[in-house]
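Asks: below is the sequence, then the predicted model.
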Amino acid sequence: MLKKLRNKLLLVNMISLSVVILFSFTIIYVLTYNYIQGVIVTDLRSIPPGVVTNAIVAEREQQPNIDGSSEKFNVKGIPDLPMDYSKSFVINIDKSGGVLAVFSRIELSENDYVKAARFAEESGEETGRIKLAGKRWQYIITGEQRESIVFLDVDDYERALSRLLFSMLVVGICVLILIFLVSYRLANRAIRPVGEDIEKQRRFVADASHELKTPLAIIDANAEVALADGDDGEESRRKWVERIEEESGRMRSLVEALLYLAKAEDAVGENLPFELSAAAEEEIGRVEAVLYERDVRLTLKKYAETVVVKADGEKIHRAILILLDNAVKYTDAGGEVTVETGKGKHTGYLRVSNTGAGIPPEDLPRIFDRFYRGDKSRTSAEAAANGGKQGGFGLGLAIAKTIVERSAGKIYAESADGRTTFTIELPLG
């Protein structure tokens, strides 16, 4: 599925960019073509229709017109043809289209000149193109009586256009190859979060199924045992029923946690200013009994009198309680929990740190994943905190992360030198 998504992204991206490149190159080519055509027409119009070489003047005085017509063209007093016009020639024609004179430095046969004149005259267009002696020529008919046809060798211009077209083709192919390679890499990076989300979802379903399967199996087994006992097993049945009740409560807690997590992810709460330090003090009061029972010291450090942040206050209260509960669970007897509040340039922060078994570096990136529980030492500490019973479901930190992120904040964990610290940062209100 992910490969299909990636290929679809690549296809859409390549088609879009190919259309853009083709459109851009087409505009460039059309503009260049029109510019060159303008240059050709300008050059054609700049060639005087009545110029000849001195040699042609002498030749024309002695020879009849090349097409056999009897009318003579007067070449006396006409200026010599400059060398600048060595790639052009001029044909003067009479009213019936017969060739009167040819002014040219080009070595073409008389038939070529006659063919060129007749083609231009019969086309009926003011300008056009013809191929003579393996070259392409563009002509323009000038004069009040359409008596002069000026021809210009346009092979160089055509070659320039051909080189431009070839260059754009090569550049286009190279650019598309480069774009494909870049797009392929970007597409892989783009679908990576999707793949991670799908993997998390798959893992979430598997973990949730596992967490639900265990208490269900215990309930089922206890119910069978309770039903199997006869009337003489009242005390035994009571024990099994108590275990069923215990596992039912555990399932209810799991379902409630899952529902809360789902609501927290979908909810769009109203972020309003509230006092973070006061919220921390209030939640500390709720865990004082547990702290006393576990023989854990708690220190509150306030680096600012008031820390007003903008967030969903009710949910942030729960996130703070989750961090406090987590810290107490993983603090050994006689250990210490420290709560710090303060503010930076743009954010207010709350830090909850505890002594005890730290979090291994390989576990830190996944500590906020759903159903993720750390190494055995931390799991044992949690079990000890619960009186030897199985610990939580690994949803608390995931819920805290969701709450904080929905309030435009961030949460992260650090663990070093026997101390673990969780930090919440929220925008100042």
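Replies: Yes, it's here. Numbers count the residues shown, from 1 in each chain.

Asks: poorly predicted segments of the stretch 51-200 of the chain, please.
Replies: 51-86, 97, 105, 199-200 (pLDDT under 70).

Asks: where do the helices of it begin and end?
Replies: Remark: helices assigned in the stretch 51-200 of the chain by DSSP state H, counting those that start in this stretch are 54-62, 110-123, 155-228.

Asks: part of a helix, is E270?
Replies: No: going by DSSP: H, G, I helix; E, B strand; the rest coil, the assignment for E270 is coil, not a helix.

Asks: surely it and D312 touch.
Replies: Yes: contact criterion Cβ atoms under 8 Å: E270 and D312 qualify, at 6.8 Å. Every C-beta, even on glycine, is put in place using the N, C-alpha and C of the backbone.

Asks: of the two, which one has the most company?
Replies: More crowded of E270 and D312, by other Cβ atoms under 10 Å: D312, with 23 against 8.

Asks: contacting residues for the more buried one?
Replies: G269, E270, N271, L272, I403, R406, S407 (Cβ atoms under 8 Å, 6 or more residues apart in numbering).

Asks: give me that answer again for 7 Å
Replies: D312 sits next to G269, E270, N271, R406, S407 when contact means Cβ atoms under 7 Å, 6 or more residues apart in numbering.

Asks: give the phi and psi angles for the third one, as a check.
Replies: Which is N271. With angles defined as degrees, to the nearest 10, N271 sits at phi -90, psi 110.

Asks: and it, how far is that from A400?
Replies: In this view, N271 and A400 are 16 Å apart by Cβ to Cβ, to the nearest Å.

Asks: look at these two and report which has more neighbours.
Replies: A400 (24 against 19).

Asks: surely that one touches L323?
Replies: Yes: counting by Cβ atoms under 7 Å, L323 is a contact partner of A400 at 6.3 Å.

Asks: buried residues in stretch 88-104, which are they?
Replies: For stretch 88-104, the neighbour count (16 or more other Cβ atoms under 10 Å) marks 88-94, 98-104 as buried.

Asks: just those residues: which are in strands?
Replies: Judged by DSSP state E, the buried residues of stretch 88-104 include S88, F89, V90, I91, N92, I93, V99, L100, A101, V102, F103, S104 as members of strands.

Asks: ok, the residues you listed vs S248, which is closest?
Replies: S88 (102.8 Å; Cβ to Cβ).

Asks: quickly list what the closest one is bridged to.
Replies: Beta-bridge pairing for S88 (DSSP bridges): L152.

Asks: so it touches I40, yeah?
Replies: No: applying Cβ under 7 Å, one finds S88 not in contact with I40, separated by 10.7 Å.

Asks: give the residues shared as contacts by the two.
Replies: Common neighbours of S88 and I40 (criterion: Cβ under 7 Å, 6+ apart): L152.

Asks: do you know the pLDDT at the closest residue to L176 other than its chain neighbours?
Replies: Spatial nearest neighbour of L176, excluding adjacent residues (Cβ to Cβ, 6 or more residues apart in numbering): S18 at 6.4 Å. pLDDT for S18: 89.

Asks: work out for me the element S18 sits within.
Replies: Under the criterion of DSSP states H and E, S18 resides in helix 2-46.

Asks: just how off-centre is that helix within its chain?
Replies: 23 Å (Cα atoms, centre = their mean, to the nearest Å).

Asks: could you chop the protein up by domain?
Replies: Here the domain parsing of the chain from automatic domain parsing is 47-153, 269-427.

Asks: looking at those domains, which is nearest to E247?
Replies: With Cβ to Cβ as the yardstick, what comes closest out of those is domain 269-427 (10.1 Å).

Asks: mean confidence score for that closest one?
Replies: For domain 269-427, the mean confidence score works out to 83.

Asks: ok, so of the contacts of D312, who is nearest V114?
Replies: Using Cβ to Cβ, those come closest to V114 at R406, 88.7 Å.

Asks: ok, that closest one to R351 distance?
Replies: Taking Cβ to Cβ, one finds R406 at 20 Å from R351.

Asks: what of E425?
Replies: Applying Cβ to Cβ to E425 and R351 gives a distance of 10 Å.

Asks: L44 and F151 touch, don't they?
Replies: No: the criterion here is Cβ under 7 Å, and L44 misses it with F151 at 8.3 Å.

Asks: what's the most buried one of the domains of the chain?
Replies: Burial of the domains of the chain is given as mean neighbour count (mean count of other Cβ atoms under 10 Å); domain 269-427 ranks first at a mean of 18.

Asks: that older thread, so which of the contacts of D312 is the closest to A333?
Replies: The closest of those, once distances to A333 are taken by Cβ to Cβ, is S407, at 34.5 Å.

Asks: ok, the closest one to Y35 distance?
Replies: 60 Å.

Asks: do the same with A413
Replies: 65 Å.

Asks: what does G334 give?
Replies: 88 Å.

Asks: what kind of secondary structure is the closest residue in space to P427 that isn't next to it in sequence in?
Replies: Leaving aside its sequence neighbours, P427 sits nearest to K310 (Cβ to Cβ, 6+ apart; 5.3 Å). Three-state assignment for K310 (three-state DSSP): strand.

Asks: what sits against K310?
Replies: N271, L272, P273, L426, P427, G429 are the contacts of K310 under Cβ under 7 Å, 6+ apart.

Asks: out of those, flag the one nearest to I173.
Replies: Nearest to I173, judged by Cβ to Cβ, of the contacts of K310 is P427 at 49.4 Å.

Asks: ok but that closest one is inside a strand, no?
Replies: Yes: under three-state DSSP, P427 sits within a strand.

Asks: run through the bridge partners of it.
Replies: Per DSSP bridges, residues listed as beta-bridge partners of P427: T347.

Asks: and it, what does it touch?
Replies: Going by Cβ under 7 Å, 6+ apart, the list of residues near P427 reads V309, K310, H346, T347, A408, G409.

Asks: switch the cut-off to 6 Å
Replies: Contacts for P427 were tallied using Cβ atoms under 6 Å, 6 or more residues apart in numbering; they are K310, T347, A408.

Asks: nearest to S248, of these?
Replies: Closest to S248, out of all of the contacts of P427 and judged by Cβ to Cβ, is A408, at 38.3 Å.

Asks: separation between the residue nearest to the closest one when sequence neighbours are not counted and T347?
Replies: Spatially, and ignoring its direct neighbours in sequence, A408 is nearest to P427 (5.7 Å; Cβ to Cβ, 6+ apart). Here P427 is placed at a distance of 6 Å from T347 (Cβ to Cβ).
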